[in-house]
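Engineer: 3D, please:
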Amino acid sequence: MLEHLTMETFKSKVFDFEKNTEWKFEGNKPAVIDFYADWCGPCKMVAPILEELSKEYDGKIDIYKVDTEAEQELAGLFGIRSIPSILFIPMDEKPQMAAGALPKDTFKQAFADVLKVS
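Structural biologist: Numbers count the residues shown, from 1 in each chain. Sure, this is the predicted structure:
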């Protein structure tokens, strides 16, 4: 199931930027964050794909959503300029950002390549 993050839940589950200057992932499994807005057409195309993937990869990957309208400060921290923007967060490496509505196969490829999850 997809979880919507606020500034507070982001700090506890992903990265506490107030405590750490260097990237330190707080999660216990790889994660994906979808930065979106309700009015965004391509975001609406990605949403059902992420719902499907959250079921397929249940227990292997956490999939989160951040509403860039409600969480403008959070979107600003990541320099979000276009949506959807997808942040892939592996366990032990730096996160990687992808922009645009990705097809399901591309998500699966990124899960394997970036997150090391198949």
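Engineer: For stretch 34-42, the averaged confidence score.
Structural biologist: Averaging the model's pLDDT scores along stretch 34-42 yields 96.
Engineer: Likewise for stretch 51-70?
Structural biologist: Across stretch 51-70, pLDDT averages out at 96.
Engineer: From Val46, how far off is the residue in the chain sticking out farthest from the centre?
Structural biologist: Of all residues in the chain, Lys19 has its C-alpha farthest from the mean position, at 20.7 Å, by Cα atoms, centre = their mean. Separation of Lys19 from Val46 (Cβ to Cβ, to the nearest Å): 31 Å. Backbone N, C-alpha and C define where each C-beta goes, glycine included.
Engineer: Likewise for Leu53?
Structural biologist: Here the distance between Leu53 and Val46 works out to 10 Å (Cβ to Cβ).
Engineer: Quick one: the helices in this structure, in order.
Structural biologist: With helices called from DSSP state H, the chain shows them at 7-13, 41-56, 72-77, 104-113.
Engineer: For Pro90, which of these is the nearest?
Structural biologist: helix 104-113 (9.6 Å; Cβ to Cβ).
Engineer: just checking, what packs against the closest one?
Structural biologist: helix 41-56, strand 85-89 (3 or more Cβ pairs under 8 Å, 6 or more residues apart in numbering; DSSP states H and E).
Engineer: Out of those, indicate the one that is most buried.
Structural biologist: strand 85-89 (a mean of 21; mean count of other Cβ atoms under 10 Å).
Engineer: Please name the residues that touch Glu52.
Structural biologist: Lys104 (Cβ atoms under 8 Å, 6 or more residues apart in numbering).
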